[in-house]
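Engineer: Sequence and predicted structure, then a few things I'm wondering about:
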Amino acid sequence: MRLKFIGCLMLLLQVASGYGQGIKVVASVSSAEVAVGEQFELKFSTDGSPESFNPPSFGGFQVVGGPNQSSSFSSINGNTTINMSVGYILVGVREGTYTIGAATMLIGGRTYRSNPVRVKVVKGSGRSPGGQSGNSAAGSPDDVVPGGNAGDIAGKLFLRAVASKNNVYQGEQITVSYKLYTNVGIVDNNVDKLPDFNGFWSQEIKNLNPNVEWKVEDYNGRRYHVAVLKQVILFPERFGKLVLDPLSMTFIVRQVVPSNDPIEQFFGGGSYKDSKYKIKSAPVTINVRPLPEAGRPEGFQGAVGRFSVGATLDKPSLRANEAMNYTVKIKGTGNLKLLKAPELKLAADIEKYDPKVTDNITESVDGVSGSREYSYLLIPRHAGHYKIDELKFSYFDPAAAKYVMLVTGSFPVKVDKAAPGSQAGAYGGQQDVKVMDKDIRYIKTDGSLGADGPGFYGSPLFFVLLFLGPLGFAAALIYRSWSREQNRDQVKVKGRNAGKVAARHLANAEIQLQTGNKPAFYEALYRGLYGYLSDKLNIRIAELSREKIAGQLMLKGIDTGLLDRLNSTLDLCEMARYAPVSGIAEREVLEKAKMIISDIESHV
């Protein structure tokens with residue numbers, strides 16, 4: 001105990017001997033040139049022990065972190081040094097050159113001022129680590145300020161959006177993974193804004209594991225704990241430069257705050273501080289090339305990927321008015337869910353019904369793969385020999401950069417006469433009805449052709465019905481004119497029917513809620529709200545965004561309170577589609593969605 005006291009006393013004497021040296025306050029930035037939206041650190045350091053600190057004005061910048069205080073103590077060959085620093089994490093808001101004024105510190109009863117610093121904010125989405133533009137968050141490991149103090153969060157916690165390909169053809173599938181890199185303790189987190197995929201058809205890769213899986217990954221020479229937060233498969237719907245908006249999140253980060261007491265620092269003293277820290281992934285640009293016109297087959301319907309096709313017929317021979325099933329199966333990888341039903345060329349005497357579609361499709365990091373079946377119900381109406389011609393299916397192979405044509409086999413069909421007594425007219429065949437109309441009626445045996453007494457002709461009912469005919473015809477003309485006028489503007493028609501379309505989705509959500517399928521419930525609710533807004537505001541689904549929705553609704557007089565309720569419901573549905581949520585009553589969410597649609601209908 002005596003030795004420990006002597007050691008502490010010696011340290012205090014050394015501190016006192018070094019305190020008389022010159023004191024100055026130095027302001028420094030991690031980068032003198034940053035992009036709009038890029039984070040950087042501003043630090044004020046001094047070799048004294050400040051009694052108070054007054055920061056300067058941060059005009060032109062947004063403070064996203066700080067003040068973060070740190071201190072260091074060293075003694076080498078009798079020379080004692082105490083260094084105190086206060087750091088801020090700033091973000092450039094607008095382009096231009098800005099000067100951050102001097103901060104003041106009160107040290108030993110005297111006021112010291114720091115030097116002003118100049119920062120240039122340029123256009124762009126921020127620098128990417130290792131020179132890889134567009135695939136990492138602003139505030140990346142390359143931007144770490146030496147020293148390892150609490151202000152270095154920007155280099156220890158960031159998001160990256162990693163695309164499997166940056167140059168694709170229209171309709172070609174790509175996989176985008178949103179990854180979190182961290183070397184700090186995370187207490188809590190919240191999703192501020194999910195990325196919009198305007199210009200893409202998206203398919204979420206579902207993760208059945210409710211827990212986040214962490215892995216260790218080396219990135220730009222540093223080791224991080226990495227978790228994949230979200231993975232999605234995208235299919236570009238148009239060509240050009242399409243930008244994936246960032247994923248924005250807020251984290252509560254726990255940092256170690258060193259003690260201002262040099263003695264406590266020497267013996268490992270200190271405390272913890274929880275700070276709120278906002279980050280987002282950098283936008284990713286996807287260069288989408290149009291499908292080539294050269295070599296495009298006739299009847300090409302937009303299939304992109306690698307596929308195979310086959311066809312089967314369950315009955316090579318049957319009787320007239322009996323049904324047979326013709327099935328087309330398309331297998332492979334690509335935009336399977338966007339395929340259109342193949343067009344069949346059949347004889348006029350073979351009646352065709354809309355196909356039943358059966359999917360066996362999986363989504364993984366490798367893309368969408370599996371099969372889709374189209375089962376057609378065919379009914380030949382008359383006897384004879386027929387032939388179902390071969391089916392031609394074409395697709396574009398992006399790997400080979402060429403179109404491929406596939407042809408199925410043809411099927412001969414022998415149709416015998418209908419079975420005796422079969423209801424040929426039950427299917428609505430017009431020719432069969434005409435044949436039945438020529439059948440012999442039953443012979444009347446009572447010999448009477450009519451009843452005695454006054455007839456219908458000349459009666460009051462006869463004249464009433466006689467005048468009802470022209471009146472009904474005139475009413476029909478008036479109704480037809482009114483209906484044409486009401487349906488002339490297809491945009492208004494679509495808007496009027498928006499509520500009915502949304503009601504069908506909400507009915508499906510009600511069914512999923514009753515069966516306990518929460519993911520399907522939120523999916524139906526999400527599609528119902530977005531489909532309703534698309535029809536009501538006349539905005540294509542591919543171009544629908546929160547900004548456009550808010551702008552159009554505000555133009556139509558919708559108040560901000562209703563917009564907030566709509567946005568919170570959409571956020572909840574989006575999060576519930578990607579990860580389980582708890583503590584939320586789904587019935588209340590459904591009723592809230594119905595009330596939102598009702599309120600919009602009453603205003604628009």
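Structural biologist: Done, it's in.

Engineer: ok, now which ones touch the spatially closest residue to Ile286 that is not a sequence neighbour?
Structural biologist: Leaving aside its chain neighbours, Ile286 sits nearest to Leu242 (4.9 Å; criterion: Cβ to Cβ, 6 or more residues apart in numbering). The way it works is simple: take the backbone N, C-alpha and C, and place the C-beta from them, glycine included. By Cβ atoms under 8 Å, 6 or more residues apart in numbering, the contact list for Leu242 reads Asn198, Gly199, Phe200, Pro236, Thr285, Ile286, Val288.

Engineer: how far away is the last one from Gly199?
Structural biologist: Right, the one you point to is Val288. 8 Å (Cβ to Cβ, to the nearest Å).

Engineer: remind me which residues of the stretch 201-350 of the chain are low pLDDT?
Structural biologist: Low-confidence segments of the stretch 201-350 of the chain (pLDDT under 70): 210, 256-272.

Engineer: hey, where'd the helices end up in it?
Structural biologist: Applying DSSP state H, counting those that start in this stretch to the stretch 201-350 of the chain gives helices spanning 262-266.

Engineer: can you map out the strands along it?
Structural biologist: 214-219, 222-236, 240-244, 248-258, 270-280, 284-289, 305-313, 317-319, 324-334, 350-352 (DSSP state E, counting those that start in this stretch).

Engineer: Now distance to Leu465 too, for these, in JSON lines please.
Structural biologist: Output for those, formatted as JSON lines (distance: least, Cβ to Cβ, whole Å):
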{"stretch": "strand 214-219", "distance to Leu465": "83"}
{"stretch": "strand 222-236", "distance to Leu465": "61"}
{"stretch": "strand 240-244", "distance to Leu465": "66"}
{"stretch": "strand 248-258", "distance to Leu465": "72"}
{"stretch": "strand 270-280", "distance to Leu465": "75"}
{"stretch": "strand 284-289", "distance to Leu465": "66"}
{"stretch": "strand 305-313", "distance to Leu465": "53"}
{"stretch": "strand 317-319", "distance to Leu465": "45"}
{"stretch": "strand 324-334", "distance to Leu465": "48"}
{"stretch": "strand 350-352", "distance to Leu465": "38"}
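
Engineer: The ones you listed: which one's closest to His505?
Structural biologist: Of all the strands of the stretch 201-350 of the chain, strand 222-236 sits nearest to His505, with 21.5 Å by Cβ to Cβ.

Engineer: quick check: angle from the closest one to strand 248-258?
Structural biologist: For strand 222-236 against strand 248-258, the angle by axes from the mean of the first three to the mean of the last three Cα atoms, to 10 degrees is 170 degrees.

Engineer: Show me what strand 222-236 is packed against.
Structural biologist: Packed against strand 222-236, as judged by 3 or more Cβ pairs under 8 Å, 6 or more residues apart in numbering; DSSP states H and E, are the following elements: strand 174-182, strand 200-204, strand 214-219, strand 284-289.

Engineer: Same list (those strands) but as CSV, adding mean neighbour count.
Structural biologist: Formatted as CSV, the helices and strands packed on strand 222-236 follow (neighbours: other Cβ atoms under 10 Å):
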stretch, mean neighbour count
strand 174-182, 22
strand 200-204, 17
strand 214-219, 12
strand 284-289, 18
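
Engineer: Relative to Gly458, which of those is closest?
Structural biologist: strand 200-204 (69.6 Å).

Engineer: Check which helices and strands that closest one sits against.
Structural biologist: strand 222-236.

Engineer: What are the buried residues along the strand it packs on?
Structural biologist: Neighbour counts over strand 222-236 (16 or more other Cβ atoms under 10 Å) mark Tyr224, Val226, Ala227, Val228, Leu229, Lys230, Gln231, Val232, Ile233, Leu234, Phe235, Pro236 as buried.

Engineer: quick check, nearest of those residues to Ala474?
Structural biologist: Phe235 (53.4 Å).

Engineer: would you list every one of the helices in the protein?
Structural biologist: 2-18, 153-156, 262-266, 430-436, 460-486, 490-496, 498-515, 518-537, 546-555, 560-578, 586-603 (DSSP state H).

Engineer: Which of the ones you listed sits closest to Lys402?
Structural biologist: helix 518-537 (35.3 Å).

Engineer: got the angle between that closest one and helix 546-555?
Structural biologist: Using the same axes, to 10 degrees: helix 518-537 against helix 546-555 is 50 degrees.

Engineer: Check which helices and strands helix 518-537 sits against.
Structural biologist: Counting by 3+ Cβ pairs under 8 Å, 6+ apart, helix 518-537 packs on helix 490-496, helix 498-515, helix 546-555, helix 560-578, helix 586-603.

Engineer: can you redo the ones you listed as CSV with mean neighbour count, distance to Thr104 and mean pLDDT?
Structural biologist: Formatted as CSV, the helices and strands packed on helix 518-537 follow (neighbours: other Cβ atoms under 10 Å; distance: least, Cβ to Cβ, whole Å; pLDDT from 0 to 100):
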stretch, mean neighbour count, distance to Thr104, mean pLDDT
helix 490-496, 13, 61, 60
helix 498-515, 17, 60, 78
helix 546-555, 15, 42, 80
helix 560-578, 16, 41, 77
helix 586-603, 16, 51, 81
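
Engineer: before we move on, back to that, ok, now how distant is the residue nearest to Ile286 from Pro236?
Structural biologist: Counting by Cβ to Cβ, the gap from Leu242 to Pro236 is 6 Å.

Engineer: Common neighbours of these two, please.
Structural biologist: With Cβ under 8 Å, 6+ apart, Leu242 and Pro236 have common neighbours Gly199, Phe200, Ile286, Val288.

Engineer: wait, what's in contact with Lys43?
Structural biologist: By Cβ under 8 Å, 6+ apart, the neighbours of Lys43 are Ala27, Ser28, Val29, Ser30, Ser85, Val86, Gly87, Tyr88, Val145, Gly151.

Engineer: pLDDT for these - can I get that in TSV?
Structural biologist: Listed next are these as TSV, based on pLDDT from 0 to 100:
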residue	pLDDT
Ala27	91
Ser28	91
Val29	90
Ser30	87
Ser85	82
Val86	84
Gly87	83
Tyr88	84
Val145	31
Gly151	46
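
Engineer: Pick the one among these closest to Ile330.
Structural biologist: Ser30 (54.2 Å).

Engineer: Tell me how many other residues crowd the closest one.
Structural biologist: Neighbourhood size, Ser30 [other Cβ atoms under 10 Å]: 23.

Engineer: I figured it hits Glu41, correct?
Structural biologist: Yes. With contact defined as Cβ atoms under 8 Å, Ser30 and Glu41 form a contacting pair (4.4 Å).
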